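Enquirer: this one's structure only:
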């Protein structure tokens, strides 16, 4: 059985450039931005873009999957800090704040994903994030700092209701209120 070849360095580089440009272009111009504009912003030919992402839905799903991967990495880093002695409640609160602030700029990409029906294909990253957040919650509950009935589902609900379209002062107030509701 032949082993699959690793992608060429230029292909990996082009994919990264396309994903970055897609996120920026969708954020700046909304979900109707054209593939031609995304290719131009990435500095690649349209054919190169389509070789990596046959449809716009595929492209948006990949952008969203990258976002989910970054959230999972952040959650795991917060959990590592708890393992090194940081307070779980502090790490969970800081994580919530970072995700909300990141979501402010990624709001247009998520809107495009909903519009196009794009589902991120990386369910492993979703699982990693869920596992890390669950463990953060459990550590905070064991410390007596987080209400015993708080679940990862509650955290996802909070993310879905975050005021990402509001000014920073409103988002800060939201986080203060949310933290009071999560903690003992």
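Expert: Nice, I can see it. From a predicted model like this one, the values you see are computed outputs, not experimental measurements.
Enquirer: Look at residue 163 and report its pLDDT.
Expert: Listed pLDDT for residue 163 reads 90.
Enquirer: Same question for residue 140.
Expert: 97.
Enquirer: now do residue 118
Expert: 63.
Enquirer: Ok, residue 62 next?
Expert: 86.
Enquirer: Phi, psi for the nearest residue to residue 59 once chain neighbours are set aside please.
Expert: Closest residue to residue 59 apart from its sequence neighbours, by Cβ to Cβ, 6 or more residues apart in numbering: residue 53 at 3.9 Å. From N, CA and C alone the C-beta is placed, and that goes for glycine too. In terms of degrees, to the nearest 10, the main-chain angles of residue 53 are phi -140, psi 100.
Enquirer: I'd guessed residue 53 sits against residue 62; true?
Expert: Yes - counting by Cβ atoms under 8 Å, residue 53 does reach residue 62; the two are 6.4 Å apart.
Enquirer: Now list whatever residues contact both of those two.
Expert: Common contacts of residue 53 and residue 62 (Cβ atoms under 8 Å, 6 or more residues apart in numbering): none found.
Enquirer: about what we covered before: which ones are touching the residue nearest to residue 59?
Expert: Residues 18, 59, 62 are the ones in contact with residue 53 under the rule Cβ under 8 Å, 6+ apart.
Enquirer: From these, which land in helices?
Expert: In helices, defined here by DSSP state H, the members of the contacts of residue 53 are 18, 59, 62.
Enquirer: Neighbour count and distance to residue 83 added to these, as TSV?
Expert: Below are the ones in helices among the contacts of residue 53 laid out as TSV (neighbours: other Cβ atoms under 10 Å; distance: Cβ to Cβ, whole Å):
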residue	neighbour count	distance to residue 83
18	25	36
59	25	37
62	21	31
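Enquirer: In TSV: those, plus distance to residue 101.
Expert: Below are those laid out as TSV (distance: Cβ to Cβ, whole Å):
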residue	distance to residue 101
18	25
59	24
62	22
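Enquirer: related to what we said a few turns ago, so the residue nearest to residue 59 versus residue 160, what's the distance?
Expert: Distance of residue 53 to residue 160, given as Cβ to Cβ, to the nearest Å: 27 Å.
Enquirer: Ok, residue 176 next?
Expert: Taken as Cβ to Cβ, the span from residue 176 to residue 160 is 19 Å.
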